[in-house]
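# Structure for the following, please:
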Amino acid sequence: MIEIPGQKPFTPPVAPKEVKGVDKESNEGTVQKSGPQLKTPIPQSIGRGPELDAQAIATRLAVLATEAKEKELKFEDIIDRAIAETGMTNAQGAMEEINRRVQQEIENEITKIKENKDLMEEAESWQEFAETLARMNQQQVESFLGLLQETIKTRSF
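Prediction:
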């Protein structure tokens, strides 16, 4: 028989087996078997599982192969872009240079965030100062301003 790839192998249909009970008349010395006269038919899903599993595996492998090919193309695009940006001909050197640049950009952004955090803390301090001044009465504000003026006069800039 010639096998064609992708074609399912031929499996003959299986008929349910009959179990015959032993007659008391024919065999008086033997014990009669009790139980059903017919075996229950084999469920249809039993004989078809491996083919379906193989088909599901083949489909999954095809999807994974397609994704791998797309990622490979994307990686090649990344390398080409790195070479174009750095002007280097060595792919590994270009990737290392791009990595250094990206790392520097990340460090710069972290520095900006820290500076903004310091500014935010200073702004919060000024807001608290304004709230404190708002809670003071006229006499407390005047004595605070007098204290500030004395401090400024005593320091020479």
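# Would you mind finding the longest helix in this structure?
helix 91-135 (DSSP state H).
# so the helix or strand that comes right after it versus helix 91-135, what angle?
Downstream of helix 91-135, the first helix or strand assigned by DSSP states H and E is helix 138-154. Relative orientation of helix 138-154 and helix 91-135, computed by axes from the mean of the first three to the mean of the last three C-alpha atoms, to 10 degrees: 130 degrees.
# quick one: buried residues of helix 138-154?
Using 16 or more other C-beta atoms under 10 Å as the test for burial, helix 138-154 gives no buried residues. The way it works is simple: take the backbone N, C-alpha and C, and place the C-beta from them, glycine included.
# That one - what's its average pLDDT?
Mean per-residue pLDDT for helix 138-154: 89.
# which helices and strands does that helix pack with?
Applying 3 or more C-beta pairs under 8 Å, 6 or more residues apart in numbering; DSSP states H and E, one finds that helix 138-154 makes contact with no other helix or strand.
# host element of the closest residue to residue 95 other than its chain neighbours?
Spatial nearest neighbour of residue 95, excluding adjacent residues (C-beta to C-beta, 6 or more residues apart in numbering): residue 82 at 5.3 Å. Taking DSSP H and E as the criterion, residue 82 maps to helix 44-86.
# Which strands and helices lie in contact with that helix?
Looks like helix 44-86 contacts helix 91-135 (3+ C-beta pairs under 8 Å, 6+ apart).
# by how many degrees do the helix it packs on and helix 44-86 diverge?
Going by the same axes, to 10 degrees, helix 91-135 makes 90 degrees with helix 44-86.
# pLDDT of the helix holding residue 82, averaged?
Mean predicted confidence for helix 44-86 is 75.
# where's residue 77 relative to residue 149, distance?
Per C-beta to C-beta, to the nearest Å, residue 77 is found 67 Å from residue 149.
# Give the burial count for residue 82, as a bare number.
20 (other C-beta atoms under 10 Å).
# That one contacts residue 96, correct?
No: using C-beta atoms under 8 Å, residue 82 is not in contact with residue 96, being 9.1 Å away.
# Packing partners of the longest helix of the chain?
helix 44-86.
# With just CA atoms, put stretch 94-106 into CSV.
What follows is stretch 94-106, C-alpha atoms only, in CSV (Å, rounded to 0.1, in the frame of the first residue of the first chain):
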residue,chain,number,x,y,z
ALA,A,94,26.4,48.3,17.0
MET,A,95,24.1,46.5,19.4
GLU,A,96,26.4,47.2,22.3
GLU,A,97,26.7,50.9,21.4
ILE,A,98,22.9,51.2,21.1
ASN,A,99,22.6,49.5,24.5
ARG,A,100,25.0,52.0,26.0
ARG,A,101,23.0,54.9,24.5
VAL,A,102,19.7,53.5,25.8
GLN,A,103,21.2,53.0,29.2
GLN,A,104,22.4,56.6,29.3
GLU,A,105,19.0,57.8,28.3
ILE,A,106,17.4,55.7,31.1
